[in-house]
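Undergrad: I would like the atomic coordinates for the input below:
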Amino acid sequence: MLLMFVAVYACIELHEFFPKGSDLRATLKTWHFMLGLSILVLASLRLIVYITGTAPRIEPDPPKWQMQLAKLIHVALYALMIAMPLAGWLLLSAEGKPIPFFGVHLPALIGKSKFLADVIEEIHEAGGTIGYFLIGLHAAAALYHHYFVRDNTLRRMLPNRD
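TA: Numbering: from 1, shown residues only. Presented below is the predicted three-dimensional model:
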């Protein structure tokens, strides 16, 4: 998921360096859309696993306030991973643009509306800024737990190295 986030943010940030109407700018925006929708799909699957499964315990047990704060941040991250791609889909729909998804064009969720497009764009951009902070906070907490608390929080997030 981290690599997906990096790619989504990189595509939208880098597209600004290329002139409007250029092929590379359009390609970066298209990849931003497709990768964002991929995050929606993967986050939905992750949410199902998160709700139905059990995560490995953190050892040693962190204080209760840290567990509550971690749950709050996880809820915010899942909200980001679901709401942002949906907002992007709504934005493209309101702009009357095609919604590309790896060779398939998804249906519009709403009709064309300049007013709605402007409102959704503001929300989507604000969400993107909030995302930088949430992702940074999540990463900083994982590194804090790994290097200062020395528990298994970060190792629990990494693929098995057995």
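
Undergrad: where does pLDDT dip in this structure?
TA: Low-confidence regions of the chain, defined by pLDDT under 70, span residues 160-162.

Undergrad: where along it do the helices fall?
TA: Defined through DSSP state H, the helices belonging to the chain, from first to last, are 2-14, 23-52, 64-95, 114-144, 153-157.

Undergrad: let's have those in a markdown table, adding distance to residue 106.
TA: C-beta here means a position set from N, CA and C on the backbone, and glycine is covered the same way. Shown next, in a markdown table, are these (distance: least, CB to CB, whole Å):
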| stretch | distance to residue 106 |
| --- | --- |
| helix 2-14 | 17 |
| helix 23-52 | 7 |
| helix 64-95 | 7 |
| helix 114-144 | 16 |
| helix 153-157 | 31 |
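
Undergrad: relative to residue 104, which of those helices is closest?
TA: Distances from residue 104 to each of the helices of the chain were compared by CB to CB, and the smallest falls on helix 23-52, at 9.8 Å.

Undergrad: which helices and strands sit right next to the closest one?
TA: Using 3 or more CB pairs under 8 Å, 6 or more residues apart in numbering; DSSP states H and E as the contact criterion, the elements in contact with helix 23-52 are helix 2-14, helix 64-95, strand 99-101.

Undergrad: of the helices of the chain, give the one that comes closest to residue 102.
TA: Shortest separation from residue 102 across these is recorded for helix 23-52, at 5.8 Å, computed as CB to CB.

Undergrad: now the angle from that closest one to helix 114-144?
TA: Inter-element angle recorded for helix 23-52 and helix 114-144: 60 degrees (by axes from the mean of the first three to the mean of the last three CA atoms, to 10 degrees).

Undergrad: begin at 20, not 1, for the rest of this chat.
TA: Sure, I'll start numbering at 20, so the last one becomes helix 42-71.

Undergrad: quick one: buried residues of helix 42-71?
TA: By neighbour count with 16 or more other CB atoms under 10 Å, helix 42-71 contains the buried residues 44, 47-48, 50-59, 62, 65.
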